[in-house]
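J.: Here is my input; please provide its structure:
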Amino acid sequence: MFPEVANAGMKFLVDSTAGKLCRWLRVLGHDADYVSSAAPGEMLGRARREGRRLLTRNRSLGERDPRVATTIESDHLADQLRQLGRTYPILDEAAPFTRCLVCNGRFESVSRARARNRVPPYVYQTQKAFGYCPRCDRFYWQATHWEAMRARLEHIFGPGVPRGRSPEAPGG
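T.: Numbering: from 1, shown residues only. Alright, predicted model coming up:
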């Protein structure tokens, strides 16, 4: 369920004009870092230094250096994801549910024992596998929201969305 994936996915830098898109790129397993405010030159420079693609709805920023920046055309998340799917191999390189939706950290599979006092009792009793984000100290598990996100991605892209592996958590 929480696969260990080395170097999977693409690297993006998402500015504040496309914040929701950042979260959904993380759902797909891409390294999507969010920047709330910075000068255009700083964002472009950071994208170049870190080998990221800058995503923005700001047309003038996107046109400033098209080798590094992509202008997101739509206000609507589904259209934004479809645009990226036409432009980049975001599905081919996807590793769904391997990144923290809050901080972009990479999940680690952890034992049930490690999650015991960190998740609600009902969750502990009903779940076999847990993911942990060492960057922000959060635990994750497969619940109804998991399938809702998968369904939304399949609605946007069709049935070709990678499912990801589903290994049992170690020490369960």
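J.: With adjacent residues omitted, what lies nearest to the spatially most central residue of the chain?
T.: Closest to where the C-alpha atoms of the chain average out (CA atoms, centre = their mean) is Arg26, at 0.4 Å. Excluding the flanking residues, the one nearest Arg26 by CB to CB, 6 or more residues apart in numbering is Arg99, at 4.5 Å. Yep, even glycine has a C-beta here, placed from its N, CA and C like the rest.
J.: residues in contact with the one you found?
T.: Gly9, Arg26, Val27, Gly29, His30, Asp31, Ala32, Gly105, Arg106, Phe107 (CB atoms under 8 Å, 6 or more residues apart in numbering).
J.: Assumed the residue nearest to the centre of the chain was part of a helix.
T.: Yes: counting by DSSP: H, G, I helix; E, B strand; the rest coil, Arg26 falls inside a helix.
J.: State the distance from it to Arg150.
T.: 14 Å (CB to CB, to the nearest Å).
J.: same deal with His76?
T.: On the measure of CB to CB, His76 and Arg150 end up 20 Å apart.
J.: Counting neighbours, go ahead and name the busier of those two.
T.: Arg150 (16 against 10; other CB atoms under 10 Å).
J.: Tell me where this protein has strands.
T.: 11-15, 31-35, 53-56, 69-71, 108-110, 130-133, 138-140 (DSSP state E).
J.: Kindly reformat the ones you listed as JSON lines containing mean neighbour count and distance to Pro120.
T.: Shown next, in JSON lines, are the strands of the chain (neighbours: other CB atoms under 10 Å; distance: least, CB to CB, whole Å):
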{"stretch": "strand 11-15", "mean neighbour count": "23", "distance to Pro120": "31"}
{"stretch": "strand 31-35", "mean neighbour count": "20", "distance to Pro120": "28"}
{"stretch": "strand 53-56", "mean neighbour count": "24", "distance to Pro120": "35"}
{"stretch": "strand 69-71", "mean neighbour count": "19", "distance to Pro120": "40"}
{"stretch": "strand 108-110", "mean neighbour count": "19", "distance to Pro120": "16"}
{"stretch": "strand 130-133", "mean neighbour count": "23", "distance to Pro120": "12"}
{"stretch": "strand 138-140", "mean neighbour count": "19", "distance to Pro120": "10"}
